[in-house]
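> Sharing a model prediction with you, sequence too.
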Amino acid sequence: MANDDLLQPARRHFALSGLALGAVALLPAGAAAQAPAAPAQASGPIVLHGVSPRLTVHALDTFHGAAATGLRIDFSRLEGASYKLIRTVTANANGRSDEPLLIGESYQAGDYELLLHVDEYFSRKEAKLPTPPFLSKVPVRIKVVNIAERIHLPIQFGPWSYTYSRGS
Amino acid sequence: MTGITTHVLDITTGRPLSGLQIELYDVATDPPALLNKTRTNPDGRTDTPILPAASARTGQFELRFHVGEHFKAPDGLSDVVPVRFAIFDATQHYHVPMLCSPWFFSTYRGS
């Protein structure tokens, strides 16, 4: 897995170099000098950076300007009318879960919830906040529609705000 | 001013998002109790505070923004965006805006 990630960019770069040379050959003389450098990635949106479809998360603490190491996240899937816990993960030193939330067979279309234990996180950091704090347990609800596409979910949060989006 | 107000902006157009369905729940009870249900006006706000000053009190609340039915993006990231927060001082005003696109959601305590 790690080896693939390391090897594939090199292969892509090799393939791209060939394409770029071919493109240059088709351009009239003089235009070649302005031709932009080929982008570093050759893969389409289906497979990004050589990784298979998966759901990944990255949590950043904007209050301290750091990865949200130690943030507890309850990851659940909507079944019927309620969210059923799949597992609880803790953000690692990089603010990510050690393993993707969903990958391979587990990456299925559906509605999911990440419940962020923001109150517990800032309490441990000894942030001075009202009681109860403005944000306690923050639910982030997303849906997976196309399992051929990877979803990366960056979440930025502080004691008074949060933002999440589809990343890459 | 006290109570809860909101403001919804569409970051893909840079305009207020009007006609969006919003609900306010009391989530201290199980199941959550619906307190108000309304739609945003052309300014992206609700005509009256979603929790009026007369009803201001401490507690755990949740706004739900029905963005999916508005954007109708097949690959949109969220259909209903919940924002769960506490009123810890009922004498303060809680303005909780939502900035959004089909793939981006941002909220904060405003003023």
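That came through fine.
> Please count neighbours and contacts with C-alpha atoms only from this point.
Noted.
> So which residues of the chain form strands?
No chain specified, so I'll use chain A. For chain A, the strands defined by DSSP state E cover A:54-61, A:66-67, A:72-79, A:82-90, A:102-103, A:110-117, A:137-144, A:151-157, A:161-165.
> Actually, chain B is the one I wanted.
In chain B, the segments counted as strands under DSSP E are B:3-5, B:8-10, B:15-16, B:21-26, B:33-39, B:59-65, B:81-87, B:93-95, B:98-101, B:104-108.
> who's in contact with the second one?
Think strand B:8-10. For strand B:8-10, the surrounding residues in contact (Cα atoms under 8 Å, 6 or more residues apart in numbering or on different chains) are B:15-18, B:40, B:44-45, B:97-101.
> just to revisit the earlier point, for the strands of chain B, could you give me JSON lines that also reports mean neighbour count and mean pLDDT?
As requested, these are exported to JSON lines (neighbours: other Cα atoms under 10 Å in any protein chain shown; pLDDT from 0 to 100):
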{"stretch": "strand B:3-5", "mean neighbour count": "22", "mean pLDDT": "98"}
{"stretch": "strand B:8-10", "mean neighbour count": "21", "mean pLDDT": "98"}
{"stretch": "strand B:15-16", "mean neighbour count": "16", "mean pLDDT": "98"}
{"stretch": "strand B:21-26", "mean neighbour count": "20", "mean pLDDT": "98"}
{"stretch": "strand B:33-39", "mean neighbour count": "15", "mean pLDDT": "98"}
{"stretch": "strand B:59-65", "mean neighbour count": "21", "mean pLDDT": "98"}
{"stretch": "strand B:81-87", "mean neighbour count": "22", "mean pLDDT": "98"}
{"stretch": "strand B:93-95", "mean neighbour count": "20", "mean pLDDT": "98"}
{"stretch": "strand B:98-101", "mean neighbour count": "22", "mean pLDDT": "98"}
{"stretch": "strand B:104-108", "mean neighbour count": "20", "mean pLDDT": "98"}
